[in-house]
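# Quick check, what structure comes out for this input:
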Amino acid sequence: MREGLNEPISVLSIYSKKHKVFKPAILTWDGMDYRLGKVDFYHKTKKGATTLHHFSLSDKDEGIYFKLMFNANNLNWTLQEYMTADSNESHYAISLQ
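Predicted coordinates for the structure are as follows:
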């Protein structure tokens, strides 16, 4: 199993009462701000008592595809993986096990 990058990031997220939707809107990573597009895929998992929310989406320009994780217990966001549009290569940490 591959491990994610697990890089802490800052995310401005929004919640719509009308649509009952919570989603990331702006990602700040490595000194850059990325306006995010629609969520392509969402799922949640459990790690012990902690609920983890996983979002797959691209920036508005569709130049970079991100996989983000939101920890509902400590309210932290992490970058799990990313892929640039000009490359078919995903970037993530490789397990040394």
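# Let me know the distance separating the most centrally placed residue in the chain from Lys17.
Ranked by distance to the mean C-alpha position of the chain (CA atoms, centre = their mean), the top residue is Leu68 at 1.3 Å. With distances taken as CB to CB, to the nearest Å, Leu68 is found 22 Å from Lys17. C-beta here means a position set from N, CA and C on the backbone, and glycine is covered the same way.
# one step back: so what does the host helix or strand of the residue nearest to the centre of the chain touch, helix or strand wise?
Taking DSSP states H and E as the criterion, Leu68 maps to strand 64-71. Packing partners of strand 64-71 (3 or more CB pairs under 8 Å, 6 or more residues apart in numbering; DSSP states H and E): strand 7-16, strand 21-29, strand 32-47, strand 50-59, strand 76-84.
# Repeat the analysis, applying 6 Å as the threshold.
Judged by 3 or more CB pairs under 6 Å, 6 or more residues apart in numbering; DSSP states H and E, strand 64-71 is in contact with strand 50-59, strand 76-84.
# can you count the residues close to Leu12?
Per other CB atoms under 10 Å, the neighbour tally for Leu12 reads 13.
# which residues touch the residue lying closest to it once chain neighbours are set aside?
Ranked by CB to CB, 6 or more residues apart in numbering and with sequence neighbours excluded, the top spatial neighbour of Leu12 is Ile26, at 4.2 Å. By CB atoms under 6 Å, 6 or more residues apart in numbering, the residues touching Ile26 are Leu12, Asp33, Arg35.
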